[in-house]
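Chemist: sequence unknown, structure follows:
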């Protein structure tokens, strides 16, 4: 069981807005930056959000991150079929002295 | 262009050893933390280890502590992961990555532990 918890699945229709949650604790999300990745089958993860809410260059502004206390969220607006992928949150954990990943959320575009 | 290329994966017997390498290019390797992250078939991402830019500090996941050793040779722009006493639970694609905020990951190398 992951130290950081994500819902195993999420879904939406094209054009919709969906959010994916990431719940942690004071030793990780509550005191360190949150990162979000998406991953297509057979490929390396791609960074979507860093430092809670910053987008790397090239990531569309349809993707946004937020954090409150020990929880974080990834929002995807204007959902597209190509957004169908696995999404992971991650953060450093001060108690474990290591990075913790959420278990991943499989997003389905209906 | 930043590139991270892993190598050294393959089939290893339970209890055996393997050394993975990650060759970096396109950036000043000696200035950056580096990580190893793994993903078992059909499973999620799991962090394995991290090494500071000059190699002075290393951190490990509990699942590999005492069995795996991360190291680097900044003169060769290469990151290593020495894997000892492997079990079938170590079967995974192993990715090297620059610090998490960078977004730079390699393509991964598959390690299969099986007799």
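Modeler: Good, I have the coordinates. Being a predicted model, the structure only gives us computed values, none of them experimental. Residues are numbered from 1 along each chain as shown, chains lettered A, B, ... in the order given.
Chemist: which bits of chain B sit near chain A?
Modeler: B:35, B:37, B:44-47, B:50, B:59-62, B:95, B:100-103, B:105-108 (C-beta under 8 Å from any C-beta of the partner chain). Every C-beta, even on glycine, is put in place using the N, C-alpha and C of the backbone.
Chemist: make it 10 Å
Modeler: B:4, B:6, B:35, B:37, B:39, B:42-50, B:57, B:59-62, B:65, B:93, B:95, B:97, B:99-108 (C-beta under 10 Å from any C-beta of the partner chain).
Chemist: the helices in chain A, which residues?
Modeler: Using DSSP state H, chain A contains no helices.
Chemist: which residues of it score low on pLDDT?
Modeler: Residue ranges of chain A with pLDDT under 70: A:1.
Chemist: from the middle of its chain, how far away would stretch B:96-104 be?
Modeler: 12 Å (C-alpha atoms, centre = their mean, to the nearest Å).
Chemist: quick one, longest strand in chain A?
Modeler: In chain A, with assignment by DSSP state E, the single longest strand is strand A:85-93.
Chemist: just the buried residues of it, please?
Modeler: Across strand A:85-93, burial judged by 16 or more other C-beta atoms under 10 Å in any protein chain shown covers A:85, A:86, A:87, A:88, A:89, A:90, A:91, A:92, A:93.
Chemist: number of nearby residues for the residue of chain B found nearest chain A?
Modeler: Closest to chain A within chain B is residue B:103: 3.2 Å, counting by C-beta to the nearest C-beta. Close neighbours of residue B:103, defined as other C-beta atoms under 10 Å in any protein chain shown, add up to 20.
Chemist: which residues touch residue B:16?
Modeler: When contacts are counted by C-beta atoms under 10 Å, 6 or more residues apart in numbering or on different chains, residue B:16 touches B:83, B:84, B:85, B:86, B:113, B:115.
Chemist: now do residue A:89
Modeler: A:2, A:4-6, A:20-24, A:28-29, A:34-37, A:48-49, A:65, A:67, A:71-74, A:100-105.
Chemist: distance check, the residue of chain B closest to chain A against residue B:85.
Modeler: Taking C-beta to C-beta, to the nearest Å as the measure, residue B:103 falls 33 Å from residue B:85.
Chemist: quick one: the strands in the chain?
Modeler: With no chain named, the answer covers chain A. Using DSSP E, the strands of chain A run over A:9-12, A:18-23, A:34-39, A:46-49, A:63-68, A:71-76, A:85-93, A:98-101, A:105-109.
Chemist: that's the other chain; I wanted chain B
Modeler: B:3-7, B:10-12, B:18-25, B:34-39, B:45-51, B:58-60, B:68-73, B:78-83, B:92-98, B:109-113.
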